[in-house]
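Trainee: predicted structure and sequence below. I'll ask about it afterward.
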Amino acid sequence: ALHDINLALRFCDDVIMLCDGKVLAAGPSKEVINSDLLRRAYNIEARVEQCSKGHTIVLVDKPVD
């Protein structure tokens, strides 16, 4: 189990995203981990982008008000 979103993107082929003890989404990490689901699960504004080395990373902008 990983709770670090960037490590999950880097090392996991598939992920399950939970919210309030229920499955919010499951499948390939690069499809499941997106801005909309991060907002719903963690109440944050975040961007999912490629870094200069080609890895997909999550950049947190701010909590949603």
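Mentor: Arrived safely, thanks for sending.
Trainee: what's the pLDDT at the closest residue to residue 28 other than its chain neighbours?
Mentor: Nearest-residue entry for residue 28: residue 14, 5.9 Å, with adjacent residues in sequence omitted and distances by C-beta to C-beta, 6 or more residues apart in numbering. Just so you know, the C-beta spots here come from the backbone N, C-alpha and C atoms, and that holds for glycine as well. Here the pLDDT value assigned to residue 14 is 96.
Trainee: what sits against residue 14?
Mentor: Residue 14 sits next to 26-29, 32 when contact means C-beta atoms under 8 Å, 6 or more residues apart in numbering.
Trainee: can you give me the strands for the protein?
Mentor: For the chain, the strands defined by DSSP state E occupy 14-19, 22-28, 44-50, 56-63.
Trainee: how distant is the shortest one from the center of its chain?
Mentor: Averaging C-alpha positions (C-alpha atoms, centre = their mean, to the nearest Å) puts strand 14-19 9 Å from its chain's average.
Trainee: please shift the residue numbers so they start at 24 in all later answers.
Mentor: Understood, numbering begins at 24; the last thing we discussed is strand 37-42.
Trainee: and that strand, which strands flank it?
Mentor: Strand pairing for strand 37-42, using DSSP bridges, gives strand 45-51 (antiparallel).
Trainee: same check on the longest one?
Mentor: Strands adjacent to strand 79-86 in the sheet, as given by DSSP bridges, are strand 67-73 (antiparallel).
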